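In: Just a sequence and a predicted model for now, questions to come.
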2 protein chains.
Amino acid sequence: MFESAELGHRTTKEEFDALVPRLRADLLDAQFDLLQLKQFAVVVLINGVDGAGKGETVNLLNEWMDPRHIQAWAFDTPTPEEAERPFMWRFWRALPPHGKIGVLFNNWYTQPIRDRVDRVCKRAELDQRLDEIRRFEAMLAHEGVLLIKFWFHLSKDAQKKRLKELEKDERTRWRVTERDWRFYDLYERYREVAGHVLRTTSTGDAPWLIVDGSDPNYRALFVARTLLSALRHRLDAASQNWKPRLSAAPLAPRVDQRNLVDSLVRQDMGRKEYERELELLQGRLALLTREAAFRKHSLVLVFEGMDAAGKGGAIRRVAGALDIRQYRIIPIAAPTEEERVQPYLWRFWRHVPPRGKVVMFDRSWYGRVLVERVEGFCSEADWLRAYAEINDFEDQLTAAGAVVVKFWLAISKDEQLERFKEREAEPHKRFKITPEDWRNRDKWDDYTRAVCDMVDRTSTGTVPWTLVEADDKHFARIKVLRTICERLEAVLAQ
Amino acid sequence: MFESAELGHRTTKEEFDALVPRLRADLLDAQFDLLQLKQFAVVVLINGVDGAGKGETVNLLNEWMDPRHIQAWAFDTPTPEEAERPFMWRFWRALPPHGKIGVLFNNWYTQPIRDRVDRVCKRAELDQRLDEIRRFEAMLAHEGVLLIKFWFHLSKDAQKKRLKELEKDERTRWRVTERDWRFYDLYERYREVAGHVLRTTSTGDAPWLIVDGSDPNYRALFVARTLLSALRHRLDAASQNWKPRLSAAPLAPRVDQRNLVDSLVRQDMGRKEYERELELLQGRLALLTREAAFRKHSLVLVFEGMDAAGKGGAIRRVAGALDIRQYRIIPIAAPTEEERVQPYLWRFWRHVPPRGKVVMFDRSWYGRVLVERVEGFCSEADWLRAYAEINDFEDQLTAAGAVVVKFWLAISKDEQLERFKEREAEPHKRFKITPEDWRNRDKWDDYTRAVCDMVDRTSTGTVPWTLVEADDKHFARIKVLRTICERLEAVLAQ
C-alpha cells in the first residue's frame, strides 16, 4: 500500500515556484466552473499519519483557491449534540452542497482505525464498519458526489524526525501531543491497520491516494494536481454531456520522476556464488514442500515482468526443486475461446491447486491491470475495480491455506534491448522474440506506471509483492528462491 | 421480506393451462436468442425453505426449455477435491459460459445461512461472509452475468402441511429427511436469519425474488415469467445496443391480482370505543415517553399513505399524547433548493432527533421508491439501489437507539373518492385537494405495486412496516397509537 509513498519524493523550491502560478490559475478556473455549473459537490477526505503535513497542505490549497467556496471540517470528540445521534450524523451535516468543496479532516475513517489500533474493536467488527463505509461512499458516488480520499503517509523514521522538528521549534511545539507520541510508539500496528483499511475501502468508485508527506513542496503539488485533474475530468464530462467515471481521481498524478521500479538498483552475483546458493536454496525448498505441515497448505507463485525479464528461467529454477507430480506451470497468454465466455478470473480459478501442491503462473490475473489496461483491452472502470477483486481473490486463496508469493522481475530498458538483440541473434531463441515484443517496448513508460499502481494497490500484509532486481539473472533467481523459502517457512512455523 | 409471499397466491389449473403454451414458446425463443447472441451467461440461484417446490419448479422449466443449454448443479457436502480448495472454487467451476443458463441449488448462500441457524458462526462473521458474497455478485454483474436469485418461501403452517403430504405418499416419502424436520423446528430462527441474509444481499445489481411456494402453478408461472422478462430485457438491450440495467430482474412479476394492500380487510370502530381507546392509549404513550429509560432512545415515526389516507389526522392523535417541546412534525413535500443540491437522504438526516425526542415524518424517505419511482423523477437504477440505502439508514438510526415505526395507511380507491368529494365540498378542507391529487389517483395501480415492493424490501425484523386498514379513521388511529406503544414498550423493557 505504502511502497510508492516511501521513495522520498522531492520537489525543489525552484521547480515548485515555477509550477505554482499556472496551477493556481487552473485551480481557480476549475473552482469557478464548479460553482457556475452547480451540478455536483466535491468531498475531500484528509487522513493519515500525524506530522505528515495534512493541515499545511490544505491551508495552502485554501490560499490558492477561493476560500469562500471551500468548507473545512475537523471532527474531534463528538459534541453533546452529536453524541445524541447516530455516528454518521455529523458527517452528513458537513456534506457540501453542489458547487462547493468540503474538506473533512478526521472523518468517518478516524474512529474505526483508532478503535482497532487500541484493540477496542475486533477485526470482524472493523470489517463490518468498513463495509458500512463502503456502502455509504458508493451511495455518495451514485448521488454524484466527487469523492477524493487522501492518506498522508510518512515512514517511521520520517515521522520521528518530523515530530522532533516540531517539538524543537517554539512556534510549533504545541502541535505535538502525547497522543502523537503514543501513536508513534504503535507505528507498526497503525501501519498494518491503516493498510488493511485503505485496501478494503479502495473501491473503483473511491480509491485512496497515498501522499508521500515527507516533502512539503511535493505533497502540495501532489494534492493540488490530483484535485485539479479530478475536477477537470468531471467538469468536462458535465459540459460535454458524457457520463464521467464515478471516480474521477483513480490514480496518483506524476509529480516527479521517482517510481518504485526505477528506484531499484542493479544487483549482481557471480557464477560461483550463484551455483552454491542455488543448490542450497533448492534443497531447502525441496525439504519444505515435503514437510507434513505443507499438506495443509499450497503454494501459488505469480511471476510478472516485462518481456525478456527472465520469468521462464526463474520458474525453471523453482521447478528444479520440486517433484514433477507436485507442481504445475500455467503460462498465461491470450484467453482461449472457452475462457473468453467467462468472467476474467475464471481462467485462474480453474488452476487453483489442492493442498500440498504448487502452481506457478507465468503471467497471471494481473494482466487485467497491466496489459489489458495499457492496451485498452478492457474499460477503465473494469481495471479500476479489478484491484479490489484481485485482493478478494487472493484473500480467498490465503484463507484456504494457500501461500501466495508474487514477483515482479524488474529489468532496465537497456537490459531488455540487449536481451532482445541476443534472442534475435541466436537461432534457438528466435521464437522468443516477436514484433509484439517491440511494440510493447514502445509503451515502456505506460507499463511502468501500471506496475507501480499495481504494487501500491495489491501489495498487502499477507500477500506482498516482491520486486526483484533482475538485470542480473543469477541475482534474480536466487532472490526468488530465497523469498519463497522464507515465506513458506514463516507460514509452516505457525 | 416475506409479506407478499404469504398471501396464498393461487393459479387455477384452467388459467395455468391457458397461459403455458405461449410462455413455453416465448421461453424457447429467448433461450435460442441467448445462445445465438452468446454475449452473456445466466445464473439462476435457487434457495429457500424445504418443501417449497424448488426442484419441481426447475424440473418444469427444464421441460419447457431446451435442456441441452441449461446446466443444473446441486451442491452438497464438498467432495474431497472441493474440500481441498477455497470455498468458492466449486461455484466458479459451475459458472455457465455465455449463451447458457446455469441453475445453482444450494449455492454460496446455503452454508452461511445454515451455520448461522446452527449458531456455528456469529452475526459479525455472517455479515463478513455476506459482504464477500455481495462483492462477488457485483463482480459477476459487472462481468455481464445475468444473475437471478429466487427464494422459495412457505409459511410455517404451509411447510408443515407440505412435509406431511410428502411423507404420506409412498412415492415421495424418501424426500423428507431428518434435517428437514429439524429445520422445521427451527422455523422462526431460520426465517429470521434468512430475512437478514436476503435483505443484506438484495442489491441493486442482484435483488432477491421471493416466490410463494404454496401453489405449484403459481410458483411455476412466477419463476418462468421472471426468467423470461429478465432474459428479454437483456437480449433487447444487446440487440439494440443500449446499456441494460445490471439487474434485469428487479422485481416480482404480477402473476395474480393478489397483493398486500388489497388483501387488507376493512375494519371499523364505533365512536364510543374509539374515544375510550384513544384516551387510554394517549395516556400510555405519554407515560412511556416520560420514562427514564426513554432518555436513551428516540422515536422516529414514518407515515405514508395515498392522498387523503388520514396521515395528518393520525399524526395529530399521536402528537396529542406528547409534550410540545418533545416532538417535531416534518411534512415532506418537494425538496427545497438547499435540499436539491445534496444526496437525497440528506434532508432526512438533518431531522434525526436526539435522544429522548420524537420526530414524525408526514411522508418520508420512502418517497424515493414511491412517488419518485412512479413519476419517473429518478432513474430505475436510483430507486432500485434505494431499498438497500434506506435499510442502511434505518439500521444506523436503530443502532443509535432510535425506535423506528413505519405506517402505511391503506385506503380503498372508493374511499379515497369519497374523501376527495367531501374535501371539495367543504370550504375549509378545499385547500387539501389539488389537481395533482386527481392525477395521482390515475396511477393508483402503479402506486400499489410500488407500495408492495417497498414493504417486501424494507420491512425488517427490527424495523417492520405496519399496514393500517384506514378506511375507517377511528380504527386506523387506534391501531397506529397501539402499535407505537407496543413497539416502545418492547424496546424499553430490554
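Out: In hand now; what should we look at?

In: Flag every residue of the stretch 101-250 of chain A that's near chain B.
Out: For the stretch 101-250 of chain A, the residues in contact with chain B (Cβ under 8 Å from any Cβ of the partner chain) are A:122, A:124-125, A:127-128, A:131-132, A:135-136, A:139-140, A:142-143, A:145. Where C-beta positions appear, they are placed from N, C-alpha and C, glycine not excepted.

In: what about burial for those residues, which qualify?
Out: Among these, those scoring as buried are A:125, A:127, A:128, A:131, A:132, A:135, A:136, A:139, A:140, A:142, A:143, A:145 (criterion: 16 or more other Cβ atoms under 10 Å in any protein chain shown).

In: Mark which of the residues you listed are part of helices, please.
Out: Members of these lying in helices (criterion: DSSP state H): A:125, A:127, A:128, A:131, A:132, A:135, A:136, A:139, A:140, A:142.

In: could you dump the residues of the stretch 101-250 of chain A next to chain B to TSV with pLDDT?
Out: Formatted as TSV, those follow (pLDDT from 0 to 100):
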residue	pLDDT
A:122	89
A:124	85
A:125	87
A:127	89
A:128	87
A:131	88
A:132	90
A:135	89
A:136	92
A:139	90
A:140	91
A:142	85
A:143	87
A:145	91
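
In: Would you format those residues as TSV with distance to residue A:103 included?
Out: Listed next are these as TSV, based on distance: Cβ to Cβ, whole Å:
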residue	distance to residue A:103
A:122	32
A:124	32
A:125	28
A:127	27
A:128	27
A:131	25
A:132	22
A:135	23
A:136	18
A:139	20
A:140	15
A:142	22
A:143	19
A:145	13
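
In: just those now: which is nearest residue A:412?
Out: Distance to residue A:412, by Cβ to Cβ, is smallest for residue A:127 among these, at 41.1 Å.

In: quick one, what contacts the closest one?
Out: Listed by Cβ atoms under 8 Å, 6 or more residues apart in numbering or on different chains, the contact set of residue A:127 reads A:200, B:124, B:128, B:131.

In: mind running it again at 10 Å?
Out: A:112, A:116, A:121, A:196, A:197, A:200, B:124, B:125, B:127, B:128, B:131, B:132 (Cβ atoms under 10 Å, 6 or more residues apart in numbering or on different chains).

In: got it, and residue A:217?
Out: By Cβ under 10 Å, 6+ apart, the contact list for residue A:217 reads A:9-17, A:19-20, A:60, A:255-256.

In: Mind checking the pLDDT average for the helix or strand it falls within?
Out: With elements taken from DSSP states H and E, the one containing residue A:217 is helix A:216-239. Here helix A:216-239 scores 89 as its mean pLDDT.

In: now, the most widely separated pair of the residues of the stretch 101-250 of chain A next to chain B?
Out: Of all pairs in these, the most separated under Cβ to Cβ is A:122 and A:143 at 31.6 Å.

In: As a quick check, tell me the outermost residue of chain A.
Out: Among residues of chain A, the one most distant from the C-alpha centroid is residue A:427; the distance is 40.6 Å, by Cα atoms, centre = their mean.

In: Could you tell me how far it is located from residue A:91?
Out: Between residue A:427 and residue A:91 the computed distance is 67 Å (Cβ to Cβ, to the nearest Å).

In: do the same with residue A:260
Out: Counting by Cβ to Cβ, the separation of residue A:260 from residue A:91 is 34 Å.

In: low pLDDT regions in the stretch 51-200 of chain A?
Out: Within the stretch 51-200 of chain A, no range satisfies pLDDT under 70.

In: Helix, strand, or coil at residue A:466?
Out: Secondary structure state of residue A:466, per DSSP: H, G, I helix; E, B strand; the rest coil, is strand.

In: which residue sits closest to residue A:55 in space, ignoring its chain neighbours?
Out: residue A:105 (7.7 Å; Cβ to Cβ, 6 or more residues apart in numbering or on different chains).

In: Could you list everything the one you found pairs with in the sheet?
Out: When bridges are called by DSSP bridges, residue A:105 pairs up with residue A:46, residue A:74.

In: Just the buried residues out of the contacts of residue A:217, in ChimeraX syntax.
Out: To isolate the buried ones among the contacts of residue A:217 in ChimeraX, judged by 16+ other Cβ under 10 Å, type:
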select /A:9,11,16,19,20,60,255,256
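
In: for the contacts of residue A:217, which one is nearest residue B:339?
Out: Here the nearest of the contacts of residue A:217 to residue B:339, counting by Cβ to Cβ, is residue A:60; it sits at 33.1 Å.

In: Enumerate every residue touching the closest one.
Out: For residue A:60, the contact set (Cβ under 10 Å, 6+ apart) comprises A:20, A:53, A:216, A:217, A:219, A:220, A:223, A:224.

In: and the two most separated of those residues?
Out: A:20 and A:53 (16.3 Å).

In: Walking through the stretch 51-200 of chain A, point out its strands one by one.
Out: Secondary structure of the stretch 51-200 of chain A (DSSP state E, counting those that start in this stretch): strands located at A:70-74, A:101-105, A:146-153.

In: got it, and the stretch 351-494 of chain A?
Out: Along the stretch 351-494 of chain A, counting by DSSP E, counting those that start in this stretch, strands occupy A:358-362, A:402-410, A:465-469.

In: Ok, which of those strands comes nearest chain B?
Out: strand A:402-410 (7.7 Å; Cβ to the nearest Cβ).

In: Flag the shaky bits of the stretch 301-450 of chain A, pLDDT-wise.
Out: Along the stretch 301-450 of chain A, segments meeting pLDDT under 70 span A:430.

In: which other helices and strands contact the helix or strand residue A:275 falls within?
Out: Element membership of residue A:275 [criterion: DSSP H and E] is helix A:271-290. Judged by 3 or more Cβ pairs under 10 Å, 6 or more residues apart in numbering or on different chains; DSSP states H and E, helix A:271-290 is in contact with strand A:298-305, helix A:311-319, helix A:473-492.

In: how about a cut-off of 8 Å?
Out: helix A:311-319, helix A:473-492 (3 or more Cβ pairs under 8 Å, 6 or more residues apart in numbering or on different chains; DSSP states H and E).

In: who touches the first one?
Out: Residues external to helix A:311-319 that are found in contact with it (Cβ under 8 Å, 6+ apart): A:278, A:282, A:285, A:301, A:303-305, A:327, A:329, A:360, A:362-363, A:407, A:409, A:468, A:473, A:476-477, A:480-481, A:484.

In: now do the longest one
Out: Applying Cβ under 8 Å, 6+ apart, the external contacts of helix A:473-492 come out as A:267-271, A:273-274, A:277-278, A:281-282, A:284-285, A:288-289, A:291, A:293-294, A:297, A:299, A:301, A:310, A:313-314, A:317-318, A:321, A:403, A:405, A:407, A:409, A:466, A:468-470.
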